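> Give me coordinates for this.
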Amino acid sequence: MASVARRLGVAPSTLRTWDRRYGLGPSRHTDGRHRRYGSSDIGRLELMQRALLRGASTAEAARYALEQMPRSGPPAAPEIVGTLVDEPSEEKEPDGHEVPSRLARRLSTAALAMDAGAVQRMLVDIIGELGVLSAWTGVIEPVLTALGARWRGVSAGAEVEYFLSECVFAALVRATPVLDEPRNTRPVLLSCVPEERDSMPVYALAASLAERRVGAQLFGAPLPAEVLAVAVRRSAPAAVVLWARRRGAADPRLFARVSRGRQRSRLFACGPGWDRATLPGKVELLTDLSAAADRIEHVLVGARR
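Just a heads-up that it's a prediction; the model follows:
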């Protein structure tokens with residue numbers, strides 16, 4: 001069962017629940033404690049996953065899987081006893097990493113099943129395997145975007161997006177260690193603009209900088225402009241990075257407020273909400289998180305490498 005659960009991206013307890021509630025378990029039991037899964041058993045579970053990804057409820061997805069592959073069909077072969085037999089290899093990239101699209105499907109399935117343990121373990125594995133930014137851009141953000149688009153304006157189902165967001169937030173915080181000896185002597189101050197609600201990318205950027213041993217001062221919750229200006233003055237950062245996804249939230253006048261005083265900091269506007277034409281000349285535009293992490297590292301510590 002554990003091998004089947006890993007293949008499908010869910011916890012063994014989820015498989016047991018689907019077996020108990022919907023009859024989507026193994027075809028046979030041995031005399032001992034092992035449970036036997038055949039190819040048709042796994043086929044039904046994969047059909048159920050695809051139905052979940054299209055927005056079906058768990059009960060609807062289970063009914064669809066059983067309709068498409070009734071249990072009265074031909075015997076399953078080969079059988080799986082404890083571990084998979086002749087299991088197809090996972091699709092891999094040239095360096096051996098699992099392809100992000102497959103990881104995204106597995107993460108979506110676990111999130112739709114509301115399987116907290118599976119989602120949290122999967123996020124740790126994805127970040128550990130791909131690195132923070134590759135995990136964010138290739139797997140996590142696309143899944144969050146897809147779930148948000150699916151349930152926008154609908155109360156039923158929106159809980160999945162909120163559930164996954166909380167899991168992602170926790171995973172990004174865990175991936176951001178406290179640096180004993182950062183490579184930069186003065187921190188990078190990271191913050192959303194005051195009206196920006198989507199702060200998750202700022203946490204991803206902080207975690208990526210921590211991977212590079214670049215220390216940051218993060219304000220995940222949007223601060224009022226006057227509070228942000230005081231925070232910049234007191235932190236004396238080497239750089240200030242302001243994130244904005246929405247055009248309506250990105251006010252270029254904010255940079256004038258945070259750059260007052262004797263302390264001079266490099267100023268960066270990060271995210272798709274900023275318009276290059278409206279930015280002050282001293283502000284550098286960073287279009288995406290990967291470009292932001294590379295540029296910040298180069299500006300702050302590149303000369304010391």
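> can you confirm Arg63 is in a helix?
Yes. Looking at Arg63 with DSSP: H, G, I helix; E, B strand; the rest coil, it is inside a helix.
> Neighbours of it, how many?
Close neighbours of Arg63, defined as other C-beta atoms under 10 Å, add up to 15. Backbone N, C-alpha and C define where each C-beta goes, glycine included.
> which residues touch the lengthiest helix in the chain?
Ranked by residue count, the top helix of the chain under DSSP state H comes out as helix 158-174. Outside helix 158-174, the residues within contact range by C-beta atoms under 8 Å, 6 or more residues apart in numbering are 107, 111-112, 114, 116, 119-120, 123-124, 127, 132, 140, 143-144, 147-148, 151, 200, 203-204, 206-207.
> what does stretch 208-215 give?
131-133, 136, 175-177, 179, 181-184, 187-188, 216, 289, 293, 296-297, 300-301.
> Let's see that stretch as PDB, backbone CA atoms only.
What follows is stretch 208-215, C-alpha atoms only, in PDB (Å, rounded to 0.1, in the frame of the first residue of the first chain):
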ATOM      1  CA  SER A 208      15.600  31.600  -2.100                       C
ATOM      2  CA  LEU A 209      17.900  34.300  -0.700                       C
ATOM      3  CA  ALA A 210      18.400  32.200   2.400                       C
ATOM      4  CA  GLU A 211      19.500  29.300   0.200                       C
ATOM      5  CA  ARG A 212      22.200  31.600  -1.100                       C
ATOM      6  CA  ARG A 213      23.000  32.700   2.400                       C
ATOM      7  CA  VAL A 214      21.800  36.300   1.800                       C
ATOM      8  CA  GLY A 215      20.100  37.700   4.900                       C
END
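> mind listing what's buried in it?
Of the residues in stretch 208-215, 208-212, 214-215 count as buried by neighbour count, 16 or more other C-beta atoms under 10 Å.
> Looking at the residues you listed, which are in helices?
Reading helices off the buried residues of stretch 208-215 with DSSP H, I get 208-211.
> Check the secondary structure at Arg197 for me.
The three-state label given to Arg197 by three-state DSSP is coil.
> can you count the residues close to it?
A count of neighbours around Arg197, defined by other C-beta under 10 Å, yields 10.
> How about the secondary structure of the residue nearest in space to the middle of the chain?
Closest to where the C-alpha atoms of the chain average out (C-alpha atoms, centre = their mean) is Ile140, at 2.7 Å. Following three-state DSSP, the label given to Ile140 is helix.
> Excluding residues flanking it in the chain, which one is nearest it?
Distances taken as C-beta to C-beta, 6 or more residues apart in numbering put Val168 closest to Ile140, at 5.7 Å, once the chain neighbours are dropped.
> Fine by me, we can end here.
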